[in-house]
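# with the input below, show me the fold.
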Amino acid sequence: LLTAVKSVPTTALTKALGSPDINEQQDVHEYLGMVLNRLETEVEGTEASKVLKKLFIGKIQKLISCHAIGHQISSTEECSQLSLVVKGCHGLRDSLRQYCRAEQLTGDNRYRVEGHGLQDAAKEYKFVSLPP
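Numbering: from 1, shown residues only. Okay, here's the model as predicted:
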């Protein structure tokens, strides 16, 4: 595949995945989402579903801190894809560091805290677990 001059047809794979229109254009993100959703549906309730999660699903913790009032909120969610900045980064590690870097929520982008209104805050992500 890497050195072939000729492209590889994906018609059979696309039909097997249940895509209604094999001529529908999708970006890699959309296509991977469709593939993972279809695989998840097919293996639901079987031992293979554990393998699928182990191979493709990670966990990310989102942490929001409002230092002025001592408020902190944390949530953890599963993810199968990340949107990373690559421009100006020197490799994957640099992109991942930028993804996890704290974002300051100030001005029009302040965080609303119940009982305290809009507050300056910092939002950051931490990887809890990653697929292999």
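# low-confidence ranges in the protein?
Low-confidence regions of the chain, defined by pLDDT under 70, span residues 1-2, 4, 19-24.
# top helix in it by residue count?
If each helix of the chain is counted by residues according to DSSP state H, the longest one is helix 28-43.
# buried stuff in that one?
31, 34, 36, 39, 40 (16 or more other C-beta atoms under 10 Å). Just so you know, the C-beta spots here come from the backbone N, C-alpha and C atoms, and that holds for glycine as well.
# tell me who's in contact with the last one.
This means residue 40. Contact analysis of residue 40 by C-beta atoms under 8 Å, 6 or more residues apart in numbering lists 49, 52.
# circling back: for residue 58, state which of the buried residues of helix 28-43 is nearest.
Lowest distance from residue 58 to the buried residues of helix 28-43 (C-beta to C-beta) belongs to residue 36, with 12.6 Å.
# surely the closest one and residue 80 touch.
Yes - proximity of residue 36 to residue 80 meets the contact threshold set by C-beta atoms under 8 Å, at 5.6 Å.
# joint contacts of those two?
Both residue 36 and residue 80 are in contact with residue 56, where contact means C-beta under 8 Å, 6+ apart.
# hmm, back to that, possible to save the buried residues of helix 28-43 as CSV with distance to residue 112?
What follows is the buried residues of helix 28-43, written out as CSV (distance: C-beta to C-beta, whole Å):
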residue, distance to residue 112
31, 36
34, 35
36, 33
39, 38
40, 34
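# quick one: the strands in the chain?
In the chain, the strands defined using DSSP state E lie at 58-66, 71-79, 103-105, 111-113, 117-119, 121-129.
# helices or strands up against the third one?
Spelled out, it's strand 103-105. Here strand 103-105 touches strand 121-129, going by 3 or more C-beta pairs under 8 Å, 6 or more residues apart in numbering; DSSP states H and E.
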